[in-house]
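S.K.: Fold the following, please.
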Amino acid sequence: MNIILETERLVLREFTTEDTPFIIELLNSPGWLEYIGDRNVRTEEEARLYLQNGPLKSYELNGFGLSMVELKDGKIPIGMCGIIKRDNLHGPDIGFALLPAFTGKGYAYEVASATLAYATNQLKLPRVLAIVMPVNKPSIKLLEKIGLKCSGTFSFPGAAEELLLYSNQAGDGQ
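M.R.: Residues are numbered from 1 along each chain as shown. The predicted model follows:
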């Protein structure tokens, strides 16, 4: 188990294929489905493929990716957070999601701010972006709280949906 960082209450560690039950739970939680989208991950096999083709592949190719967020006390998995490199964004972006039972407790701020500091200080990334649906007010508030500023909009190729683009660099539009 590869630990990336620790905060006062949390551990951020690399995913393993043994995390498939948690991936099924998180990717089918109401907030994930509403604000991130249905990834059609319902079975252990689909969750294993999601991990292998997503976070695990990203660790290998980029040296970073989405990772498991656990409570230090009891090693209870509560969400994911990390830095993602997407082919169609002009820089890596931060992503985060928590199970509903763990929202509103400051965990997302704690892990997102630590992840942003890790990206800047350890990974030496000059720019970190974030994309968010305009209706996702809690995530927008969190992005602004960790110091990112809205720098424009972004749409994935072939998608009609317009997302807000945030950056840790002033005036950093597309």
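S.K.: what's the longest helix in this protein?
M.R.: Longest helix of the chain, by residue count under DSSP state H: helix 107-121.
S.K.: Need the contact partners of the helix or strand following that helix.
M.R.: Using DSSP states H and E, the helix or strand that follows helix 107-121 in sequence is strand 129-132. Under the contact criterion Cβ atoms under 8 Å, 6 or more residues apart in numbering, strand 129-132 has outside partners 35, 89-95, 139-140, 143, 148, 154, 163-168, 172. C-betas here are computed from N, CA, C, even on glycine.
S.K.: try it again with 10 Å
M.R.: Strand 129-132 is touched from outside by 35-36, 83-84, 86, 89-96, 112, 116, 138-140, 142-143, 146, 148, 150-151, 153-156, 163-169, 172, 174, with contacts defined as Cβ atoms under 10 Å, 6 or more residues apart in numbering.
S.K.: Also stretch 42-50?
M.R.: For stretch 42-50, the external contacting residues (Cβ under 10 Å, 6+ apart) are 15, 17-28, 39-41, 56.
S.K.: Spell out the residue ranges of the helices in this structure.
M.R.: Secondary structure of the chain (DSSP H): helices at 20-27, 30-35, 44-53, 55-62, 107-121, 137-145.
S.K.: ok, now how distant is Phe154 from Val132?
M.R.: The spacing between Phe154 and Val132, counted by Cβ to Cβ, to the nearest Å, is 10 Å.
S.K.: Now for those two: what residues contact both?
M.R.: 93, 163-166.
S.K.: Quick check, central residue of the protein?
M.R.: For the chain, Gly95 is the residue whose C-alpha lies nearest the centre (Cα atoms, centre = their mean; 2.2 Å).
S.K.: strands paired with the top strand by length along the chain, and their directions?
M.R.: Identified as the longest strand of the chain according to DSSP state E is strand 77-84. Note on strand 77-84: by DSSP bridges, its sheet partners are strand 66-71 (antiparallel), strand 93-98 (antiparallel).
S.K.: okay, those in JSON lines with distance to Asn2 next?
M.R.: Below are the strands paired with strand 77-84 laid out as JSON lines (distance: least, Cβ to Cβ, whole Å):
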{"stretch": "strand 66-71", "distance to Asn2": "9"}
{"stretch": "strand 93-98", "distance to Asn2": "18"}
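S.K.: Just name the most buried of those.
M.R.: Per-stretch averages of neighbours, counted by mean count of other Cβ atoms under 10 Å, single out strand 66-71 among the strands paired with strand 77-84, with a mean of 24.
S.K.: Give me the mean pLDDT for it.
M.R.: The average pLDDT within strand 66-71 is 98.
S.K.: Of the strands paired with strand 77-84, which is nearest Leu10?
M.R.: Closest of the strands paired with strand 77-84 to Leu10 is strand 66-71, at 5.8 Å (criterion: Cβ to Cβ).
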